[in-house]
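**Student:** I would like the atomic coordinates for the input below:
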Amino acid sequence: MTDATVRLTGYAHGGGCACKIPPGELEEAVRGLTGQSGDHVLVGLDDGDDAAAVLVRDDLAILSTADFFTPVVDDAYDWGRIAAANALSDIYAMGGRPVVAINLMGWPREKLPLELMTEVLRGGLAVGQEAGCPVIGGHTVDDPEPKYGMAVTGVADPNRLLRNDAAVSGLPLTLTKPIGVGLLNNRHKTTGEVFPHAIESMVALNRAASEAALAADAQAATDVTGFGLLGHLHKLCRASGVGARIVRSDVPLLDGALEALAEGYVSGGTRRNLDWVRPHLQSAADVREDDLLLLADAQTSGGLLVVGEVPGYPVIGETVAGFGIEVI
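**Tutor:** Okay, the predicted model is just below:
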């Protein structure tokens, strides 16, 4: 069993996807690595999509992704589940199906018991089994900070990929999970309060949302993780050459997110997200800074942002002609 006296979040400088390298810095670091192309490369690094896609047959694309992060919650088993669902999400965000995963683990072996590491891996295995995706082996290193995630391989129909460069203007924007987990996770890290509904949201697979998006003939999508709703929407709009309008009152929120925002549980990652997007952002006169921080909240294992209406999920805005994001 997990040792309840160990607070895993206390062993990390940041938590979950909020510990990502800021988007502007990351893009500068990989700027010279783009442009890898060929007839078999369907999706590469150029537009920062959720996973790579390589054509192996006329009817089959292989998808590849990796994602890992520091503890987002104190419970080891739940952290494993969240990290696994987050890694698998990249495959679902491309319209694919995960077929195999391997673990990626950094562990401070002289500070934390290996029994806790086993619990993390057990959580990841449980989510892999739920997804029908075998988790076979992996790689571990002795690390001052605990880190866990997965490298995932998936398959997809190359003619039905969900891409971040395929959006067109004049279509609804659908969001398949509420936002606000970054605020609640930061509150959890600071106070130790546990938010079961936030954990439930983070461990929920995006499989059903991906299948629903494909059934609705969507062509463009991304998942909402560490760069926040605004950051991931900006990347999608930039890659597709369109703009977007968000109706903030239509964006679904997790219970307690507004209270956590009002009490100041805003991560540094969230503030960096907003700083990055702000030059491309317009907002109505009654939109407050806190509204924008909420929309930039660094999510961990968030939902899919789909261009097109997906039955059963809320529409939060629309794509428009031009460039930039308007918040009303």
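**Student:** gap between stretch 43-50 and the chain center?
**Tutor:** Computed by CA atoms, centre = their mean, to the nearest Å, the chain-centroid distance of stretch 43-50 equals 15 Å.
**Student:** buried residues in it?
**Tutor:** Neighbour-count burial for stretch 43-50 flags 43-44, 48-50 (criterion: 16 or more other CB atoms under 10 Å). (Each C-beta comes from the backbone N, C-alpha and C, glycine too.)
**Student:** From the residues you listed, pick the one nearest R278.
**Tutor:** Using CB to CB, G48 comes nearest to R278 of the buried residues of stretch 43-50, at 18.6 Å.
**Student:** gap between the residue nearest to the closest one when sequence neighbours are not counted and A208?
**Tutor:** Of all residues not flanking G48 in the chain, K235 sits nearest, at 5.5 Å (CB to CB, 6 or more residues apart in numbering). The gap separating K235 from A208 is 24 Å, by CB to CB, to the nearest Å.
**Student:** Have a look at those two and say which one is more surrounded.
**Tutor:** Neighbour totals were compared for K235 and A208, and K235 leads with 21 against 13 (other CB atoms under 10 Å).
**Student:** So for D46, what's the pLDDT?
**Tutor:** Note on D46: pLDDT of 74.
**Student:** mind listing the strands for the stretch 1-150 of the chain?
**Tutor:** Listed in chain order, the strands of the stretch 1-150 of the chain (DSSP state E, counting those that start in this stretch) span 41-43, 52-57, 60-69, 97-107, 135-142, 147-156.
**Student:** that older thread, pick out the most distant pair among the buried residues of stretch 43-50.
**Tutor:** Across these, no pair lies farther apart than G44 and D50, at 12.4 Å, counting by CB to CB.
**Student:** What are the boundaries of the helices in the stretch 1-150 of the chain?
**Tutor:** For the stretch 1-150 of the chain, the helices defined by DSSP state H, counting those that start in this stretch cover 23-29, 76-93, 114-130.
**Student:** And the contacts of stretch 274-287?
**Tutor:** For stretch 274-287, contacts defined as CB atoms under 8 Å, 6 or more residues apart in numbering pick out 22-24, 227-228, 230-231, 234, 238, 248, 291-293, 296, 323-328.
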